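Peer 1: Give me coordinates for this.
(chains A and B)
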Amino acid sequence: MIGERSPFIVHIQIPNSSFGFTMFLARVIGNVVSTVKDPGYFARKILVIQPIDKHRKDRGAKMLALDSVGAGAGETVYCCRGREASFPWAPEDVPTDTTIVAIVDRVNVAEKTEARSQKPEGRA
Amino acid sequence: MQLAKVIGTVVATRKDPRLEGKKLLVVSPLTPEEVEGSKPPRNAGKANYLVAVDTVSAGFRETVIIVQGSSARMAATCKDCPVDTAIVGIVDTVRLDQE
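Peer 2: Residues are numbered from 1 along each chain as shown, chains lettered A, B, ... in the order given. Modelled structure (predicted):
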């Protein structure tokens, strides 16, 4: 979505970033401490996330996300990108382009899709 | 949002009137590992760069948080400005969980 604006910006992105996915799953892998920041960030958590695919494997470059649900280390979360990322705090203007909007309990993926990417294992 | 390092400044005289009084900085995106110190910087801030509008008075060589896209316009001093990338925070520390 953001990538459509300018081919130049896409070019200088870190390779393998998950740029272009407006909503995706990720794993929380760290946090960032910042004292001097935009007033919209006051008392909010900035976390480091690693985007993952539907089989929970790492996919793309690590990035930062603002937390709106109280996610913690190691948790699988659901993120939103773009202008909509600031909607959890509407009508307040929070300058964020990636926000954690949910904590994932479980992911169900259809058996067919799974069989294509990995060989079926023997079942007990 | 991404981590980046300030590697230079931009001076522009002819510009959109809404950009007057704003500081333009050249920043180079970094990975969290490079900021944390567990990995050395890969390309020493030369290959990738962005021009960002500074909203927090960041300085040369500081590690900052940048926001891209329409969200950059929501930064404190960038309301209704033609801004695409904004610096919204100065990073103190980055901590990554040990696997």
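Peer 1: So what's the gap between stretch A:61-80 and the chain middle?
Peer 2: 6 Å (C-alpha atoms, centre = their mean, to the nearest Å).
Peer 1: could you say what helices and strands the longest strand belonging to chain B packs with?
Peer 2: If you go by DSSP state E, chain B has its longest strand at strand B:85-96. Using 3 or more C-beta pairs under 8 Å, 6 or more residues apart in numbering or on different chains; DSSP states H and E, the elements in contact with strand B:85-96 are strand A:23-37, strand A:46-52, strand B:2-10, strand B:23-30, helix B:32-36, strand B:50-54, strand B:63-68. All C-beta atoms are positioned from the backbone trio N, CA, C, and that covers glycine.
Peer 1: Near chain A, which residues of chain B are found?
Peer 2: Contact residues, chain B versus chain A (C-beta under 8 Å from any C-beta of the partner chain): B:1-3, B:29, B:31-33, B:36, B:48-50, B:55-58, B:65, B:67-76, B:78-79, B:84, B:86, B:88-97.
Peer 1: buried subset of these?
Peer 2: Neighbour-count burial (16 or more other C-beta atoms under 10 Å in any protein chain shown) applied to those gives B:1-3, B:29, B:31-33, B:36, B:48-50, B:55-56, B:58, B:65, B:67-76, B:78, B:84, B:86, B:88-91, B:94, B:96.
Peer 1: Contacts only, for the residue nearest to the spatial centre of chain A.
Peer 2: By C-alpha atoms, centre = their mean, chain A has its centre lying nearest to residue A:79, at 4.1 Å. Residues in contact with residue A:79 (C-beta atoms under 8 Å, 6 or more residues apart in numbering or on different chains) are A:23-26, A:49, A:51, A:65, A:98-101.
Peer 1: Same question for residue B:77.
Peer 2: B:22, B:55.
Peer 1: Angles on the backbone of it, please.
Peer 2: Main-chain dihedrals, residue B:77, degrees, to the nearest 10: phi -100, psi 10.
Peer 1: ok, now residue A:88?
Peer 2: The phi/psi pair for residue A:88 (degrees, to the nearest 10) is phi -60, psi -20.
Peer 1: Nearest residue to it in space, please, no chain neighbours.
Peer 2: Distances taken as C-beta to C-beta, 6 or more residues apart in numbering or on different chains place residue A:68 nearest to residue A:88, at 3.9 Å, with adjacent residues excluded.
Peer 1: does the one you found really touch residue A:90, like I thought?
Peer 2: No: the pair residue A:68 and residue A:90 does not pass the contact test of C-beta atoms under 8 Å, sitting 11.0 Å apart.
Peer 1: With adjacent residues omitted, what lies nearest to residue B:71?
Peer 2: Of all residues not flanking residue B:71 in the chain, residue A:97 sits nearest, at 4.2 Å (C-beta to C-beta, 6+ apart).
Peer 1: count of neighbours near that neighbour?
Peer 2: 29 (other C-beta atoms under 10 Å in any protein chain shown).
Peer 1: That one and residue A:85 touch, don't they?
Peer 2: Yes: using C-beta under 8 Å, residue A:97 is in contact with residue A:85, at 5.5 Å.
Peer 1: any chance you could map the helices in chain A?
Peer 2: Counting by DSSP state H, the segments of chain A that form helices are A:7-11, A:111-117.
Peer 1: which one of the ones you listed has the lowest average pLDDT?
Peer 2: The minimum mean pLDDT among those belongs to helix A:7-11 (a mean of 41).
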